[in-house]
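> coords below, sequence missing:
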């Protein structure tokens, strides 16, 4: 698995997940429950992971739809 996206904005994670699922790419959100450790103030980013084979295609899909993604 490779990291595709890291953000503090849960709406970006939801949008990206739905978009990639629509394209047949399985995603795995990480750090979703970290808010219990941080006190629900949103300082710890959430990550979206995809299979290594799908990473390049997923990057293109997100960029084509206006989501700024840094290559890791």
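Arrived safely. In this text, all values refer to a predicted model and were calculated from it rather than measured experimentally.

> can you map out the strands along this structure?
2-7, 27-30, 46-50 (DSSP state E).

> can you say which of these is nearest to residue 62?
Set against residue 62 and scored by CB to CB, the strands of the chain come closest in strand 2-7, at 6.9 Å. Heads up, the C-betas are built off the backbone N, CA and C, glycines and all.

> low-confidence bits of the chain, can you list those?
By pLDDT under 70, the low-scoring segments of the chain are 34-42, 71-72.

> related to what we said a few turns ago, now render the strands of the chain as JSON lines, adding distance to residue 60.
JSON lines is the format used below for these (distance: least, CB to CB, whole Å):
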{"stretch": "strand 2-7", "distance to residue 60": "11"}
{"stretch": "strand 27-30", "distance to residue 60": "15"}
{"stretch": "strand 46-50", "distance to residue 60": "12"}
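
> between the ones you listed, which one is nearest to residue 18?
Between residue 18 and the strands of the chain, the shortest gap by CB to CB is with strand 27-30, which sits at 9.4 Å.

> quick check, central residue of the protein?
Nearest to the mean C-alpha position of the chain, by CA atoms, centre = their mean, lies residue 48 at 2.9 Å.

> the closest residue to that one other than its chain neighbours: neighbour count?
Leaving aside its chain neighbours, residue 48 sits nearest to residue 5 (4.2 Å; criterion: CB to CB, 6 or more residues apart in numbering). Neighbourhood size, residue 5 [other CB atoms under 10 Å]: 26.

> again, but for residue 24
So residue 24, with other CB under 10 Å, has 8 neighbours.

> partners of residue 6 in the sheet?
Beta-bridge pairing of residue 6 under DSSP bridges involves residue 47.
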